[in-house]
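Peer 1: From the sequence below, what's the structure:
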Amino acid sequence: NVIAARVFRHATVVELARHSSVPVINALCDREHPCQALADMLTLQEHFGRLQGLKLAYMGDGNNVCHSLMLLGATLGVNVGVACPPDYRPDPEIVALAERRAAESDATITISSSPGEIASGANAVYTDVWASMGQEHEAARRRPVFQPYQLNSALMAQAESGALVMHCLPAHRGEEITADVIDGPQSVVFDQAENRLHVQKALILTLLGQ
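Peer 2: Modelled structure (predicted):
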């Protein structure tokens with residue numbers, strides 16, 4: 001009745017959907033990670049009671065998670081800021097689409113190479129691994145490039161007081177995020193993980209028309 005496909009290439013899930021007679025869920029690909037973003041927005045909704053007007057700061061690689069956070073955040077009125085190295089910025093087509101959605105929801109999309117600028121005033125600060133699925137061989141080369149974007153206590157001090165710490169997991173403690181931050185009282189990473197279950201159940205029920 002429903003197909004959930006976790007693939008590497010985005011083109012694979014697009015082709016699958018083109019030939020499928022039932023709904024296809026993109027469970028993850030190299031371009032987007034929409035199911036993760038749904039869980040993340042539910043987590044923000046639970047903690048703040050709203051989404052419109054919140055500021056979500058993302059640190060690191062302009063990858064699939066970053067793309068989906070921009071797209072869904074902009075759709076729901078969340079101001080999304082992305083801090084990333086110049087050579088690892090999110091896909092310009094995704095940014096343009098997110099900006100169009102943000103214009104409709106009275107939100108903003110900001111891309112910068114300055115972590116402090118993006119973290120300033122944020123309600124939640126989010127990061128992901130520096131070398132995503134299929135990029136493990138690039139890890140050593142990427143590490144020094146991304147080090148300035150590490151989510152640590154100094155960076156969190158620039159966000160709003162009590163800002164949430166977010167990560168899609170699994171995390172590499174001491175790399176993209178420090179142990180004291182991910183294991184600290186502001187961390188909601190396990191709420192995010194739990195909400196993957198609830199959101200995916202809701203998604204399946206919606207697709208089944210129930």
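Peer 1: Okay, now the unreliable bits of the chain?
Peer 2: Across the chain, no stretch falls below the confidence threshold (pLDDT under 70).
Peer 1: Strands along that one, start to end?
Peer 2: Assigned by DSSP state E, the chain shows strands spanning 3-6, 24-28, 55-59, 79-83, 109-112, 124-127, 164-167.
Peer 1: Specify the stretch among these that is closest to residue 39.
Peer 2: strand 164-167 (10.2 Å; Cβ to Cβ). No exception for glycine: its C-beta is placed from N, CA and C like everyone else's.
Peer 1: Name the residues that touch that closest one?
Peer 2: 40, 43-44, 47, 123-128, 151, 156, 176-177, 181-182, 184, 186-189, 192 (Cβ atoms under 8 Å, 6 or more residues apart in numbering).
Peer 1: so of those, which ones are in helices?
Peer 2: 40, 43-44, 47, 156, 181-182, 189, 192 (DSSP state H).
Peer 1: about what we covered before: of all the strands of the chain, which one comes closest to residue 196?
Peer 2: strand 24-28 (10.3 Å).
Peer 1: what are the pairing partners of the closest one, and which direction each?
Peer 2: Taking DSSP bridges as the criterion, strand 24-28 forms sheet pairs with strand 3-6 (parallel).
Peer 1: Could you give the separation of the strand it pairs with from the chain centroid?
Peer 2: 19 Å (Cα atoms, centre = their mean, to the nearest Å).
Peer 1: circling back: would TSV of the strands of the chain with distance to residue 209 be doable?
Peer 2: Shown next, in TSV, are those (distance: least, Cβ to Cβ, whole Å):
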stretch	distance to residue 209
strand 3-6	16
strand 24-28	15
strand 55-59	31
strand 79-83	31
strand 109-112	33
strand 124-127	33
strand 164-167	32
